[in-house]
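**Q** heads up, no residue letters with this:
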């Protein structure tokens, strides 16, 4: 049954996301007129509750997957969790926060993301780029090779799963989400609809039309409102 209504705050809202799927859970925010960012960043669209939900979703994940352009625009760093999240993960046998896996064709990662040796990110890239990266002698991140000259996102997800990282939280951007959808790799989509108008905001690099013959069908799990923000969750 679809849950529709108003929630009192983040604690009640978080309870509707506590069972992450095996596979890719995508989390995105859009303005009321469909923009995925403002000025290249999601911050102007977001709210305190939306930001808290993002941290909570990270606590449920085995790995956070993001495109390099988004990681640079949002100045990504290692995942930071609350004490209660750390305790919950330890009870599940996970001693560290989820790593951030960055899909990059250039191996250019934000300096802040590689600032903590105890939480190294994963670079997901092509064999060609990985070879160049290895020659730099920079060991500050793990490297997964998912393709020869470009990154195949289905291979990337399979590689993460083979390393025990089966619950993948994808935080965008739109180009990466497009590629995951085209590869039929998305199990769940969490969408925050912001009560804001942003006009046209160029973001992402959609290089070719979708390869899908028809749109994939989803099932609405909930539509919840808090402070005029609409929180939606769709499942396959």
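**A** The structure has been received and is ready for your questions. Everything numeric here is computed off the predicted structure, so don't read it as measured data. Residues are numbered from 1 along each chain as shown.
**Q** from the contact counts, what lies against the strand or helix carrying residue 132?
**A** For residue 132, the element it lies in under DSSP states H and E is helix 127-135. With contacts taken as 3 or more CB pairs under 8 Å, 6 or more residues apart in numbering; DSSP states H and E, helix 127-135 sits against strand 122-125, strand 142-145. C-betas here are computed from N, CA, C, even on glycine.
**Q** if we use 7 Å, what do you get?
**A** strand 142-145 (3 or more CB pairs under 7 Å, 6 or more residues apart in numbering; DSSP states H and E).
**Q** hang on, the earlier thing: neighbouring contacts of the helix holding residue 132?
**A** Here helix 127-135 makes contact (CB atoms under 7 Å, 6 or more residues apart in numbering) with 105, 106, 107, 123, 143, 145, 148, 149.
**Q** for it, which positions count as buried?
**A** 129, 130, 133 (16 or more other CB atoms under 10 Å).
**Q** if any of the contacts of helix 127-135 are buried, put those into a ChimeraX selection.
**A** Here is the ChimeraX selection string for the buried members of the contacts of helix 127-135, based on 16+ other CB under 10 Å:
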select :107,123,145
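**Q** quick one: which of the contacts of helix 127-135 is nearest residue 56?
**A** Proximity of the contacts of helix 127-135 to residue 56 (CB to CB) peaks at residue 123, which lies at 26.0 Å.
**Q** gap between the closest one and residue 178?
**A** From residue 123 across to residue 178, the span is 21 Å (CB to CB, to the nearest Å).
**Q** what do you get for residue 23?
**A** Residue 23 sits at a distance of 17 Å from residue 178 (criterion: CB to CB).
**Q** ok now stretch 125-143, how far from the chain's centre?
**A** Relative to the chain's own centre, stretch 125-143 is displaced by 22 Å; criterion: CA atoms, centre = their mean, to the nearest Å.
**Q** and it, average pLDDT?
**A** Across stretch 125-143, the average pLDDT comes to 80.
**Q** follow-up on the earlier one: I'd like the buried residues of helix 127-135 as TSV, with distance to residue 3 appended.
**A** Formatted as TSV, these follow (distance: CB to CB, whole Å):
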residue	distance to residue 3
129	44
130	44
133	45
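**Q** as JSON lines, the contacts of helix 127-135 with distance to residue 155 would be great.
**A** Shown next, in JSON lines, are the contacts of helix 127-135 (distance: CB to CB, whole Å):
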{"residue": "105", "distance to residue 155": "14"}
{"residue": "106", "distance to residue 155": "18"}
{"residue": "107", "distance to residue 155": "17"}
{"residue": "123", "distance to residue 155": "14"}
{"residue": "143", "distance to residue 155": "14"}
{"residue": "145", "distance to residue 155": "9"}
{"residue": "148", "distance to residue 155": "10"}
{"residue": "149", "distance to residue 155": "13"}
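**Q** any idea where the strands of this protein begin and end?
**A** 3-6, 23-31, 63-67, 100-103, 122-125, 142-145, 167-170, 186-194, 219-226, 229-235 (DSSP state E).
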